[in-house]
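>>> Could you look at this predicted model? Sequence included:
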Amino acid sequence: MTVSEAGRRAGLRERMVAVAACCWGLSAFLPVGVMYLNLLIMLLVLGLQPDRRHRWSRLRQTAVAIPMALLLLWSLLVVLAGPWYPDTATRLFHLVRVALIITVGLMLSNAEARLAIMAFLASAIVAVLIVVAHRIWGLPDWAIWSSLLTSRNNFSSGNMIVLASASGVFWWMATQSRLDTTRRAAAIAAGLATTATVAMHAQSRNAQLLMAVLLLVVVVCRFRTWRAAAGGAAAVLVLAAGAWSLSPTVHDRFAELASDVRGVQTESDAVTSIGLRWRMAQEAVVAIGENPLMGTGLGSWLPRWHLAWAGFADRLPPDTPPHLADTNNPHNDFLLTGMETGVPGMLILIWLLLAFVATGWRRHSLAGGVTVVFGVAVMVTAAVNAPLRDAALGSTLLWLLAVSVAWHRGADHA
């Protein structure tokens, strides 16, 4: 083989990573099975790279490498020291999945990461166009976009959460001082489109709350003063009031939320979204108090929730959905981790996510702000749901968060 042929083959292998990263970004709103396919493809093409050792070395130098490794090691220690539950293998699988998703994201080069983020933003615009087309003409109920168009499962909520995150990125881009007029106008238009879609179309309150939080994060990250935080909070309140007035979806969903909160102390509160979350949070907190060091064991949530449900099931209305008894997480990743792996495991998880946010905050750049947006998005989602436990909710966000850190390499002056 000649030197030129070897160079061409090496160049082809390098382009394979860029193509795989771009495809993953473009498929952010596709069914979760596509995400697993993207993960397998990315692992394969990264394994074929001649510079894979260099990529691995860069990964080990990131601020998130230590907490990520500790989270895995501590969880394994809990499994070895504690009992084995029917759900333990599933929980281990999701821990490894999260670690692999973060790893492949961090191993991208600056150019590959930038391409992946741009592809994701393009997919967000396509998602908005699909929703608009469905609202105007009606689209067939195809699996490729059904979770984007209707509220069916966690993936529907996940899609709107990801779209809210894209909205935050667009608004962050619009605040950059070095943007020319055309690009700034495009970023503002994209921000308005994604914001309106989440406000008017989404059934997910979590996505709508996240969008408001990210608008505040953008203002604070751009100006970094208490005055900016106060001004951003005021602007968010005005926008929230506008959404409440103009969007029947927002009005109805949050009126339902207020009603659920008022009824959270009733005996039948477990059939409402807030009531169910409240009971699960109580159960998780009690479990943390009982086993603060090592937790109750990885995979222990479901058996404990079955027992708790049996204690008040006879007081529930007869039309209570039976699947609520099999809810496999307390809709809070911090409480789930704290219950199953103890306070140390919960603190390591908080450390990991804060390390991502701090990494972006320290960089006064476009890429750094994108990391802050995605990092806060993951943290907020983890506080109201389980993106680390549920692949449909968190896989795309976690990958984008890791990719945004890889974008920092050489991007501090972007």
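Nice, I can see it.
>>> What helix or strand is T103 located in?
Per DSSP states H and E: T103 is located in helix 88-106.
>>> how far does that helix sit from the chain's center?
14 Å (Cα atoms, centre = their mean, to the nearest Å).
>>> What is it packed up against?
Using 3 or more Cβ pairs under 8 Å, 6 or more residues apart in numbering; DSSP states H and E as the contact test, the elements touching helix 88-106 are helix 32-47, helix 52-60, helix 65-81, helix 391-407. C-beta: built from backbone N, CA, C; applies to glycine.
>>> All the helices of the stretch 251-400 of the chain, residue numbers only.
Using DSSP state H, counting those that start in this stretch, the helices of the stretch 251-400 of the chain run over 273-290, 301-312, 333-361, 366-384, 391-407.
>>> so which of those is the most packed in?
Comparing the helices of the stretch 251-400 of the chain on average neighbours per residue, with mean count of other Cβ atoms under 10 Å, the densest one is helix 391-407 at a mean of 27.
>>> relative to helix 65-81, how tilted is that one?
If you take axes from the mean of the first three to the mean of the last three Cα atoms, to 10 degrees, helix 391-407 sits at 150 degrees to helix 65-81.
>>> so what does helix 391-407 touch, helix or strand wise?
On a contact count with 3+ Cβ pairs under 8 Å, 6+ apart, helix 391-407 meets helix 3-26, helix 32-47, helix 88-106, helix 110-136, helix 154-174, helix 333-361, helix 366-384.
>>> quick one: V357 and L100, what's the gap?
21 Å (Cβ to Cβ, to the nearest Å).
>>> looking at it, A143 is touching G33, isn't it?
No: counting by Cβ atoms under 8 Å, A143 sits too far from G33 to count as a contact (9.6 Å).
>>> was I right about E14 contacting L46?
No: using Cβ under 8 Å as the test, E14 is too far from L46 to be in contact (10.8 Å).
>>> Which of the two has more residues huddled nearby?
L46 (21 against 17; other Cβ atoms under 10 Å).
>>> Return the distance of A186 relative to A166.
Distance, A186 to A166, by Cβ to Cβ: 14 Å.
>>> These two: which has the busier surroundings?
Taking other Cβ under 10 Å, A186 and A166 do not tie; A166 has more neighbours (33 against 16).
>>> Quick check: chain neighbours aside, which residue is closest to that one?
A124 (3.7 Å; Cβ to Cβ, 6 or more residues apart in numbering).
>>> Show me what counts as buried in stretch 20-36.
20-32, 34-35 (16 or more other Cβ atoms under 10 Å).
>>> Show which residues not belonging to the helix or strand containing Q208 make contact with it.
According to DSSP H and E, Q208 maps onto helix 205-223. The contact list for helix 205-223 (Cβ atoms under 8 Å, 6 or more residues apart in numbering) reads 157, 160-161, 163-165, 167-168, 171-172, 175, 195, 198-199, 202, 228-229, 231-233, 235-236, 239-240, 243, 250, 253-254, 257, 361, 369, 372-373, 376-377, 380-381, 384-385.
>>> Kindly give a single ChimeraX line that selects the buried subset of the residues you listed.
Of the contacts of helix 205-223, the buried ones can be selected in ChimeraX as follows, counting by 16+ other Cβ under 10 Å:
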select :157,160,161,163,164,165,167,168,171,172,175,195,198,199,202,232,236,240,243,250,253,254,361,369,372,373,376,377,380,381,384,385
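>>> circling back to that earlier point, I'd like the helices of the stretch 251-400 of the chain laid out as TSV, including distance to T320.
TSV is the format used below for the helices of the stretch 251-400 of the chain (distance: least, Cβ to Cβ, whole Å):
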stretch	distance to T320
helix 273-290	10
helix 301-312	10
helix 333-361	23
helix 366-384	22
helix 391-407	24
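>>> I'd like to know which of those helices lies nearest to A325.
helix 301-312 (4.5 Å; Cβ to Cβ).
>>> relative to helix 88-106, how tilted is that closest one?
Following the same axes, to 10 degrees, one obtains 130 degrees for the angle between helix 301-312 and helix 88-106.
>>> how about A63, phi and psi?
Dihedral pair for A63: phi -70, psi -20, per degrees, to the nearest 10.
>>> Could you report the pLDDT at the closest residue in space to it that isn't next to it in sequence?
Excluding its sequence neighbours, the residue lying closest to A63 (Cβ to Cβ, 6+ apart) is A355, at 4.7 Å. Looking at A355, its pLDDT is 97.
>>> correct me, but A355 touches A65?
No: contact criterion Cβ under 8 Å: A355 and A65 do not qualify, at 9.0 Å.
>>> Tell me, how many residues neighbour V96?
With other Cβ under 10 Å as criterion, V96 counts 12.
>>> who's in contact with it?
L72.
>>> Need the pLDDT of it.
You'll see V96 listed with a pLDDT of 96.
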